[in-house]
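>>> sequence first, then the predicted structure:
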Amino acid sequence: MSKKEYDIIIIGSGPAGLTASIYAIRANLKTLVIGGSTPGGQLMITTDVDDFPGFPGGIQGPELMQKMRKQAELLGVEFLDENVTGVDFKKNPLRLFVEDKEFYAKSVIIATGASAKWLGLSSEKKLIGKGVSACAVCDGMFFKGKDVIVIGGGDTAMREALFLAKLCKTVTVVHRRDKLKAQAALEEKSKNTKNIKWIWNSVVEEFLGTNKLESVKLKNLQSNKLSELKCDGAFVAIGHKPNTAFLKGNIELDDHGYIVVNDIIKTSVEGVFAAGDVHDYRYMQAVTAAGTGCMAALEASDYIEEFKHKKK
């Protein structure tokens with residue numbers, strides 16, 4: 001088994017991980033990003049990004065990630081586009097495993113993010129970024145004054161619907177049950193918003209459109225009746241799943257699998273920090289992920305300095 005040692009290893013290559021790597025390498029720390037087999041994070045499946053500072057004309061999600069990675073590479077950050085298959089955080093140096101390869105680090109930053117849950121339809125996959133989205137804050141402005149639907153009935157769906165209601169002509173919530181799972185305050189606010197409409201006991205069977213979304217095919221679960229609803233945009237809001245399965249037993253996770261943090265980015269293991277959506281299930285934006293990536297790198301740098309002094 002090959003072994004390599006670094007000052008900081010960052011797991012994940014989205015906005016949080018890449019920002020962390022830039023700050024880490026500029027602190028003169030030997031830095032490795034283990035970016036995953038599909039590097040770049042959620043922005044790799046996002047088209048127009050108009051809310052990341054510094055790009056007045058907007059930028060495509062993949063292009064933004066490529067620019068961030070290029071910046072890190074030019075500064076000297078090393079990259080490995082494979083998945084971490086296991087970790088051992090019992091003692092320092094911390095150990096990470098990538099199949100038959102073993103890595104050691106004085107500090108680790110976990111920035112593996114959270115993946116949006118999708119319906120799993122082939123038509124959905126085809127139209128992601130072409131009218132189908134999983135982030136109202138990211139893409140809502142593209143549907144200003146238009147008719148959209150939100151799929152789901154929990155807190156995520158109600159927050160998406162309320163946000164979109166400020167921008168869109170109508171927001172139709174499609175929910176598979178006849179009652180919402182959202183907290184009472186969100187439910188009350190949503191039902192009192194005039195341009196939010198409701199379709200109960202129904203699921204989306206298919207997203208229709210060639211180059212962009214034009215409508216959805218709905219199925220009523222009580223009558224099995226099929227219908228078609230025209231819409232300009234569809235927001236799948238059935239939650240997110242943090243990418244933390246490989247960490248179980250090595251770090252404290254909450255009931256939903258998110259990393260438990262204190263002081264914003266510190267985990268239950270000394271020397272291990274979390275950045276981005278892997279612990280932030282509230283904001284979940286590229287710019288907030290980048291911000292916590294910066295924080296994590298600064299904290300990791302301070303930790304390594306303290307660790308060196310303790311060893312003397």
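That came through, no problem.
>>> quick check: residue 65 vs residue 140, distance?
From residue 65 over to residue 140 the distance is 21 Å, taken as Cβ to Cβ, to the nearest Å. (Each C-beta comes from the backbone N, C-alpha and C, glycine too.)
>>> three-state assignment of residue 171?
At residue 171 the chain is in strand, as set by DSSP: H, G, I helix; E, B strand; the rest coil.
>>> quick one, what contacts the residue positioned nearest the centre of the chain?
Nearest to the geometric centre of the chain sits residue 114, at 4.2 Å (Cα atoms, centre = their mean). The contact partners of residue 114, by Cβ atoms under 8 Å, 6 or more residues apart in numbering, come to 240, 241, 242, 243, 258, 277, 278, 281, 284.
>>> just the buried ones from those residues?
Restricting the contacts of residue 114 to buried positions leaves 240, 242, 243, 258, 277, 278, 281, 284, with burial counted as 16 or more other Cβ atoms under 10 Å.
>>> can you list the low-confidence ranges for this protein?
1-2, 45-47, 311-312 (pLDDT under 70).
>>> end to end, how far does stretch 275-284 reach?
For stretch 275-284, the first-to-last residue distance is 11 Å (Cα to Cα, to the nearest Å).
>>> re the thing from before, look up phi and psi at the residue nearest to the centre of the chain.
phi -140, psi 140 (degrees, to the nearest 10).
>>> go on, residue 155?
Per degrees, to the nearest 10, the backbone of residue 155 is at phi -60, psi -40.
>>> gap between it and residue 227?
The separation that residue 155 has from residue 227, given Cβ to Cβ, amounts to 27 Å.
>>> ok, residue 175 next?
15 Å.
>>> the two - which one has more neighbours?
The neighbour comparison of residue 175 against residue 227 (other Cβ atoms under 10 Å) goes to residue 175, with 21 against 13.
>>> show me what contacts that one?
Counted by Cβ under 8 Å, 6+ apart, residue 175 has contacts 151, 152, 153, 157, 198, 199, 200, 201, 202.
>>> at 7 Å what do you get?
By Cβ atoms under 7 Å, 6 or more residues apart in numbering, the residues touching residue 175 are 152, 153, 200.
>>> list buried residues within those residues.
152, 153, 200.
>>> sec struct for the second one, please.
Looking back up the chat, that one is residue 153. coil.
>>> so who does it touch?
Applying Cβ under 7 Å, 6+ apart, the residues near residue 153 are 175, 177, 180, 181, 182.
>>> rewinding a little: out of the buried ones among the contacts of residue 114, who's nearest residue 307?
Taking Cβ to Cβ as the measure, residue 307 lies nearest residue 278 of the buried ones among the contacts of residue 114, at 23.1 Å.
>>> shouldn't that closest one be in contact with residue 42?
No. In this structure, residue 278 is not within contact of residue 42 by Cβ atoms under 7 Å, at 11.7 Å.
>>> quickly list what's touching both of the two.
Overlap between the contact sets of residue 278 and residue 42, as judged by Cβ under 7 Å, 6+ apart, is given by residue 113.
>>> distance check, the residue nearest to residue 235 when sequence neighbours are not counted against residue 173.
Nearest residue to residue 235 in three dimensions, chain neighbours excluded: residue 150, at 4.8 Å (Cβ to Cβ, 6 or more residues apart in numbering). Going from residue 150 to residue 173 by Cβ to Cβ gives 5 Å.
>>> more neighbours: which of these two?
residue 150 (29 against 25).
>>> wait, is the more buried one part of a strand?
Yes. Assessed by three-state DSSP, residue 150 belongs to a strand.
>>> quick one: contacts for it?
Counted by Cβ under 7 Å, 6+ apart, residue 150 has contacts 157, 160, 161, 164, 171, 173, 235, 237.
>>> rewinding a little: and which of the buried ones among the contacts of residue 175 is nearest to residue 106?
residue 152 (42.1 Å).
>>> I figured the closest one hits residue 238, correct?
Yes. The pair residue 152 / residue 238 is scored as a contact, 4.6 Å apart, by Cβ under 7 Å.
>>> next one: phi and psi at residue 43?
For residue 43, the backbone dihedrals (degrees, to the nearest 10) come out as phi -70, psi -20.
>>> burial count for it?
23.
>>> now do the residue nearest to it when sequence neighbours are not counted against residue 109, distance only.
Among residues not flanking residue 43 along the chain, residue 61 sits closest, at 3.7 Å (Cβ to Cβ, 6+ apart). As judged by Cβ to Cβ, residue 61 and residue 109 stand 22 Å apart.
>>> which neighbours do residue 150 and residue 173 share?
In contact with both residue 150 and residue 173: 157, 161, using Cβ under 7 Å, 6+ apart.
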